[in-house]
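S.K.: The following comprises the amino acid sequence and a computationally predicted model.
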Amino acid sequence: MPPSLIELLKVGGRLVMPVGSAYTTQTLTVVEKTGPGETAKRAVGLVRFVPFTRSKD
């Protein structure tokens, strides 16, 4: 998880993102900022996302 995104969160803010390699099973993870410089992380479940691609037209 990019630390720069975590720094943007206010206390109580949440970041939800898939963690893992593309084209494999990933873990949907919730990171919540609980205080200045403090976060809590929890896994919600397994997901499989694919990267966005553009049409070659």
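M.R.: Cool, the structure landed. Residues are numbered from 1 along each chain as shown.
S.K.: Need the nearest residue in space to the residue nearest the centre of the chain, chain neighbours excluded.
M.R.: Centroid-nearest residue in the chain: residue 17, 2.3 Å away (criterion: Cα atoms, centre = their mean). Nearest residue to residue 17 in three dimensions, chain neighbours excluded: residue 29, at 6.1 Å (Cβ to Cβ, 6 or more residues apart in numbering). Using the backbone N, CA and C atoms, a C-beta is placed for each residue, glycine as well.
S.K.: What of residue 5?
M.R.: Nearest to residue 5 is residue 15, by Cβ to Cβ, 6+ apart, at 6.0 Å.
S.K.: What distance do you get for residue 10 to residue 36?
M.R.: According to Cβ to Cβ, to the nearest Å, residue 10 and residue 36 sit 10 Å apart.
S.K.: quick one on the thing from earlier: for the residue nearest to residue 17, which residues make a bridge with it?
M.R.: Legend: beta-bridge partners of residue 29 under DSSP bridges are residue 17, residue 43.
S.K.: okay, now it: neighbour count?
M.R.: 18 (other Cβ atoms under 10 Å).
S.K.: Look up how far residue 18 lies from it.
M.R.: Distance of residue 29 to residue 18, computed by Cβ to Cβ: 7 Å.
S.K.: The residue nearest to the centre of the chain touches residue 1, doesn't it?
M.R.: Yes - in terms of Cβ atoms under 8 Å, residue 17 counts as a neighbour of residue 1; the distance is 6.9 Å.
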